[in-house]
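Asks: pasting the structure only:
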């Protein structure tokens, strides 16, 4: 598997660390209800199809990346920097 | 009291195998430069004073013995001198954190193919990459298509030397057997 | 026997090899199989289950019978295909799966008992009496099972792994692959042309004399700098995003040379690929079709044309298509006798020079250790033909395997009676030639060119002029014939000994799906992955279940196409090669003093520093602990993570990642910080110092340094991208040493040349012997302690200097063992306690979660069940008697049964404390803080420990911290 890092270009999967669903970007506020936190931490959709996850370019530029991919076809549809920018 | 003595990471002699040479480069003054958000242009302007700019990803620039290398997300290393003061950037001294090895000669890329997952078919002077040397972090600086500087963590210097030496040995053994 | 004037091998290079202890002559360029055939060796192995005598079936990597052991100086490699292993001077090979010898194998008794060993026998037999299973049947079956055996020695051979990148990967260098590589090469694409054979050319080398144009094409490919021809390289797997695995035999075909790898496992990244892997010939099943001397017709051609050998004198052929005619003609042209062709087609053509029996089938074969005759049925009549070699041709199976590696299924073609690749099964891959169902040479050449054109267009390159050489273009005419009916066993899967009866039985017993049939019979599960049996077995199953082949479907192919040694995939990963080793600047000085080094993650740290006369580690450790508490000790703490954090928002950022407040920390001070995961459990702890208004230095534990860095990067990029905060690791840039004990201040003063007026938890820049460094007053030992840091290049020198000073002052060096005892005495935690399932509440630090601000993990830490008396809380434990304790022991109320449900907690850290004269432990006990003073039972059944302990506060020594703050 290869990912095209927006900074570094196409790289082998071994340079990246997989964290989990892009849900992790939607951190509830400190006053949010417990249900919101439970959902944020534990509840996930499990689509056979397009999913968005978070990958860290650990052995590269250390950018956190949001990857849109299809779990059935394995096609990588998009790779974007979580923090924006391509520097 | 006498001053403390400085030591290099390896202190080893160059290694010559076939036509490829591996050396430990002398320690260079090295500083990391991380511009604060929105300040990259301002940092670039400040670097103009020393004839440089903030490098684009995967590149390095050189002027009058000073080299600046892109080393990661919003990060560059200045090699060979002190960065201008007062830049809107976080600056740290990285001089002692890294060991630099040079690998030169026809077939240097064959050696790197054993350890580095990058596509080096079209590399040229001015290219840089942040990747891995086996399981070690790597800043790869291309000086010519068969001449490279490899930076990795100082504490891993022995492993880096050993693995590159091992790759050189196997590449040479193939050549001798053919 | 060897034929003069035939074959491509160099007869000026003779070699000698041994097989089963006997020496034979051969030539460089022979495979072990061709060499055995040259020497008229017919018996090469015993079949997996029935131990039937077997001979060579094929001339390629799909070989199911001729699996041998290759004995080398450093390895014994089992299950090596004799058809792939090339012969070199001194090669030693042994047959497998037989005892005591190949000629007399006592395990052949299985063949006699065959009716009891049909498919799934172990579900139906060996069940009574029940107690015999574990003691008798299972060990018996286990001893008899398996193919090949390991030598029991480590594989000390040399292997390597490497990366390669190209625009176009062409898999297979037969006519299709050669044309594709030529076109792409001329177009200027970077091409890798891989072939599993020793020479490029594929079937051009085996079907007849190689055409003249082959040499020309190869010469042009060699001359193109953008074309890389990789022979002896099998592409073993197709993976996502244009990544391929390939195994190259670098040194296996020659005598071992120092440093020459045996194999190289390649990861090839290709923008486009062409599968030109050819096709494999199908056998036909009939009674006793596994006799030595029965082989594939195409293999006969290969042995004649590539190696100049034939396995028999009176050759017969059994076919359902025209393909075998090429074999017949080739043999006869070389002066050999083709006694007869048995062609199952009523309308089969004649063949000059030999008899063709049309509409006939072979129904039996005799000759247990070597074929002697076949029985033929034609119409109502039967007759026998004396023959010592029978060539089979049941048609061709395109080698679709790689196209199935990404979950694609092939498509059944009724015209070809074969499976062909489905388009688009592997993104970027195009199949061409026999692999795609084109079986004539011209068809392959044209298909290769077309595939190249398609690939070049996708690469945005222009297709060059390529003239196709003239070549035969015969149509493919076959009449499907999978199995000849008969009473006795007819083999489908030679490698796993699966017969037509087994597949029929599977259907009869209800295992009608092809996936079930595979697992129930084990057809297709041998090292050849069913290359010689899949389609026929499928056809038999289809027939038995009244379905068509297309409807019955296939199982899938998975990588690797041929077996890959783990040593190749793991090249470089043995022993210390497994991970980078990280060494301290004090490493040499420590080893010079005899310190055994222990692994702490990737780092090597000294365990203890033995003095003359000390014979156990405990003696050294006890002494070092006393030394630190009474005098002064020095230890290297460079391994802790150090993260430099700068910016106007750095304090704000620290407030977010730590539970407690840092933005109010004065410049020149350090503070202990606790970091949570978002799920409320402790991630890490450390001290963070404020060096200047907007400049901080965070420390992490050694173990979690990388983890924390990743976490900080996530928080910053995901939630604080616009903040003025930047951080970078400086772990490597600083060598740092702890100096601890009542005399520590004097030592520091001596080293600096002045007494630093540093309060507890203070930090300052210092100059030490000409070098700019940093001094921190922090302590992990509980004594007055300092940490002094200098740039790493000065680390070794400073370590030696501090060591000398300490020893002059009555102190010295201490290692990890003593460091651990000192911190246990003080109740300081490490990742033994913050092991990922403990919370701030559990370790008694819930008050460190500031109520005034948000932090990562705050909300989840307040969830029901994350606090309260049912939680296991950090306690100290002291044995009531003079007894040893062990980490990992569980805690029970006195009188409680020792069951899992009754465990009230567990022990995380243990050390012998010379300060208190007792073993001490830290652990977690349900509602522990309220149970101080209670007696609890500490049990470790694994190591035989059962001790009553007092539950105490975790801080055993100097609870008020007087010594720290001196």
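Replies: It's in. Owing to the predicted nature of the structure, the values given are computational and were not obtained by experimental measurement.

Asks: Counting by contacts, list what the strand or helix carrying residue C:635 packs against.
Replies: Take DSSP states H and E as the rule and residue C:635 turns out to sit in strand C:633-636. When contacts are defined as 3 or more CB pairs under 8 Å, 6 or more residues apart in numbering or on different chains; DSSP states H and E, strand C:633-636 packs onto strand C:734-740, helix C:795-808, strand C:812-813. Heads up, the C-betas are built off the backbone N, CA and C, glycines and all.

Asks: neighbouring contacts of the last one?
Replies: Contacts to strand C:812-813, defined as CB atoms under 8 Å, 6 or more residues apart in numbering or on different chains, come from residues C:590, C:593, C:595, C:606, C:609, C:624, C:627, C:633, C:634, C:635, C:803, C:806.

Asks: For the last one, which residues are in contact?
Replies: Yep, that's residue C:806 we're talking about. C:631, C:632, C:633, C:634, C:739, C:747, C:812, C:813.

Asks: Recalculate using a threshold of 10 Å.
Replies: Contact partners of residue C:806, counting by CB atoms under 10 Å, 6 or more residues apart in numbering or on different chains, are C:627, C:631-634, C:739, C:741, C:743-744, C:747, C:750-751, C:812-814.

Asks: and which of these is nearest to residue A:25?
Replies: Checking the contacts of residue C:806 against residue A:25 by CB to CB gives residue C:739 as the nearest, at 44.7 Å.

Asks: Could you find the closest non-adjacent residue to the closest one?
Replies: residue C:786 (4.8 Å; CB to CB, 6 or more residues apart in numbering or on different chains).

Asks: Go ahead and confirm residue C:494 touches residue C:147.
Replies: No. Between residue C:494 and residue C:147 there is no contact under CB atoms under 10 Å: 11.9 Å.

Asks: Looking at the two, which has the bigger crowd around it?
Replies: The neighbour count for residue C:494 versus residue C:147, taken as other CB atoms under 10 Å in any protein chain shown, is higher for residue C:494 (25 against 18).

Asks: Would you mind measuring from the more buried one to chain A?
Replies: 35 Å (CB to the nearest CB, to the nearest Å).

Asks: In contact with that residue, which residues?
Replies: C:45, C:47-48, C:52, C:54, C:57-58, C:63-65, C:283, C:289-290, C:294, C:526, C:528, C:532-533.

Asks: Filter those down to the buried ones, PyMOL style.
Replies: Buried subset of those, written as a PyMOL selection, criterion 16 or more other CB atoms under 10 Å in any protein chain shown:
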select buried, chain C and resi 45+47+48+52+54+57+58+63+64+65+283+289+290+294+526+528+532+533
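
Asks: Which of the contacts of residue C:494 fall within helices?
Replies: Among the contacts of residue C:494, none falls in helices (DSSP state H).

Asks: The contacts of residue C:494 in strands, which ones?
Replies: Residues of the contacts of residue C:494 located in strands (DSSP state E): C:45, C:54, C:294.

Asks: So residue C:820: helix, strand or coil?
Replies: Three-state call for residue C:820 (DSSP: H, G, I helix; E, B strand; the rest coil): helix.

Asks: Strands of chain A, residue ranges please.
Replies: Using DSSP E, strands in chain A cover A:2-5, A:9-12, A:17-21, A:50-56, A:64-70, A:76-81.

Asks: bridging residues for the residue in the stretch 51-200 of chain C that chain B sits nearest to?
Replies: Of all residues in the stretch 51-200 of chain C, residue C:165 sits closest to chain B, at 4.0 Å by CB to the nearest CB. In this structure, residue C:165 bridges to residue C:269 when assessed by DSSP bridges.

Asks: Report pLDDT for it.
Replies: Looking at residue C:165, its pLDDT stands at 98.

Asks: and stretch A:56-75 with chain B, contact?
Replies: Yes. On the criterion CB under 10 Å from any CB of the partner chain, stretch A:56-75 is in touch with chain B at A:57, A:58, A:59, A:60, A:61, A:62, A:63, A:64.

Asks: so how far is that stretch from its chain's centroid?
Replies: 6 Å (CA atoms, centre = their mean, to the nearest Å).

Asks: and if you look at stretch C:20-34?
Replies: For stretch C:20-34, the distance to the chain centre is 32 Å (CA atoms, centre = their mean).

Asks: Span of that stretch from start to end?
Replies: 16 Å (CA to CA, to the nearest Å).

Asks: What's the mean pLDDT across it?
Replies: According to the model, stretch C:20-34 has a mean pLDDT of 97.

Asks: Would you indicate which residues of that stretch are buried?
Replies: C:20, C:24, C:26, C:27, C:28, C:29, C:30, C:31, C:32, C:33, C:34.

Asks: biggest separation within those residues, which pair?
Replies: Farthest pair in the buried residues of stretch C:20-34, by CB to CB: C:20 and C:29, 22.6 Å.

Asks: Give me the helices and strands touching the helix or strand of chain A with the lowest mean pLDDT, please.
Replies: Every helix and strand in chain A was compared by mean pLDDT, DSSP states H and E; the lowest is helix A:34-42, with a mean of 95. Packing partners of helix A:34-42 (3 or more CB pairs under 10 Å, 6 or more residues apart in numbering or on different chains; DSSP states H and E): helix C:858-861.

Asks: coming back round to it: now render the strands of chain A as TSV, adding distance to residue C:942.
Replies: Formatted as TSV, these follow (distance: least, CB to CB, whole Å):
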stretch	distance to residue C:942
strand A:2-5	44
strand A:9-12	42
strand A:17-21	35
strand A:50-56	38
strand A:64-70	42
strand A:76-81	47
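
Asks: In TSV: those strands, plus distance to residue C:244, mean neighbour count and mean pLDDT.
Replies: Below are the strands of chain A laid out as TSV (distance: least, CB to CB, whole Å; neighbours: other CB atoms under 10 Å in any protein chain shown; pLDDT from 0 to 100):
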stretch	distance to residue C:244	mean neighbour count	mean pLDDT
strand A:2-5	12	20	98
strand A:9-12	12	18	98
strand A:17-21	22	13	97
strand A:50-56	22	19	98
strand A:64-70	20	19	98
strand A:76-81	17	16	98
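
Asks: before we move on, back to that, among the buried residues of stretch C:20-34, which lie within helices?
Replies: C:32, C:33, C:34.

Asks: Now distance to chain B too, for the residues you listed, in TSV please.
Replies: TSV is the format used below for those (distance: CB to the nearest CB, whole Å):
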residue	distance to chain B
C:32	20
C:33	24
C:34	23
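
Asks: Direction included, what does the longest strand seen in chain B pair against?
Replies: Ranked by residue count under DSSP E, the longest strand found in chain B is strand B:136-144. Strand B:136-144 has the following sheet partners, assigned by DSSP bridges: strand B:128-133 (antiparallel), strand B:147-153 (antiparallel).

Asks: How about the contacts made by residue 83?
Replies: Let's take chain A. A:63-65, B:37, B:73-74, C:713, C:716-722.

Asks: oops, I was thinking of chain B
Replies: By CB under 10 Å, 6+ apart, the neighbours of residue B:83 are B:29, B:31-33, B:43, B:46-47, B:50, B:52, B:66, B:68, B:76-77, B:89, B:91, B:93.

Asks: Now it. Nearest residue, chain neighbours left out?
Replies: Counting by CB to CB, 6+ apart, the residue nearest residue B:83 is residue B:31, at 5.1 Å.
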